[in-house]
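> Quick check, what structure comes out for this input:
(one chain, ligands or ions: 2)
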Amino acid sequence: MKLYYIILLQLLALALITTSATQAQSTPETTSLQATIISRPTNNVGTWLIGAVNVEVTNETQIFASNGSLEVGGCVTLDYVVVGTTNIALKIQGEAATVCNSGEPTATPNPSSETTWQGKIELQGRTDHSGAAIFLSEQPCSTATFNQSQAVSAADGTFQVSAPSSQIFQCLQVSNALYLTLRQDITSPMIAPITLKAGDVNGDNIINILDIATLAAHYDQNYPSVDLNADGKIDIFDLVTAASNFQ
Ligand SMILES: [Ca+2]
Ligand SMILES: [Ca+2]
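Ligands and ions are numbered 1, 2, ... in the order given. Got it, this is the predicted structure:
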């Protein structure tokens, strides 16, 4: 009878050991996320930074570029396991950029990924094209509203606006005192050169007889607030310029 109990206890102990061993060897849980490739080695094997996760790619990692780019900035689905303190990549699959832009909390935007929007403004009649206010909106011009300018033009008329690459501007507005405000839809960060028309003296965004009359009233005077070309004198040049833009 005693022997029977000893054998039973031994069997129980064996069963417990086997169970705990099985648990220790159980497969680590796979984590899956969609995020942008921040950095990666030239060859596939090595440490990749995907979103906020440093992950080791080995020769066993399955890599598919099928749906998108595997270059830096590309969007991917990453499956990985944590072994000790190391993240081991099981699978990296390229995805369409929209997958990473869908607001997934794991799709950490890369703060260093910026796009520079740039263009050049000509203020008609002037040699110094500085001071024009540049507004950009992510809305098309049909619905865009503007509160604060993002940049002003330099003396040569150039302007730059740096924004996260995820921000896509669709409408540009340029305004400068004495000039007609211009608003146009844009499709590229490289914006074609723009000329602002001079002559809107009273700022109602129309050049008409009211503006011409004001210029005429200050003819031959140094009157900076209506001096279209800012040359220190209201003269025939200012009148002709305004008249050429008469609406
Ligand atoms: Ca006007
Ligand atoms: Ca003038």
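> tell me the pLDDT at Leu210?
On the pLDDT scale, Leu210 is placed at 97.
> what's the answer for Cys100, then?
pLDDT, Cys100: 84.
> low-scoring stretches of the protein, by residue?
Within the chain, the stretches with pLDDT under 70 are 1-27, 102-112.
> domain assignment for this protein?
Split into domains by automatic domain parsing, the chain comes to 31-100, 114-196, 199-244.
> how about the longest one, does it reach ligand 1?
No. Counting by C-beta under 5 Å from the ion, ligand 1 has no neighbours in domain 114-196; the shortest distance is 8.4 Å. Quick note: C-beta positions are derived from backbone N, CA and C, even for glycine.
> Let's have the domains of the chain in TSV, adding mean neighbour count.
Below are the domains of the chain laid out as TSV (neighbours: other C-beta atoms under 10 Å):
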stretch	mean neighbour count
domain 31-100	16
domain 114-196	16
domain 199-244	16
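> and ligand 2, which of those is closest to it?
With distances scored as C-beta to the ion, the stretch of the domains of the chain nearest to ligand 2 is domain 199-244 (4.3 Å).
> Hmm, Gly203 and Thr181 touching each other?
No. Using C-beta atoms under 8 Å, Thr181 is not in contact with Gly203, being 9.1 Å away.
> Need the domains of the chain in JSON lines (columns: distance to ligand 2).
Below are these laid out as JSON lines (distance: least, C-beta to the ion, whole Å):
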{"stretch": "domain 31-100", "distance to ligand 2": "49"}
{"stretch": "domain 114-196", "distance to ligand 2": "8"}
{"stretch": "domain 199-244", "distance to ligand 2": "4"}
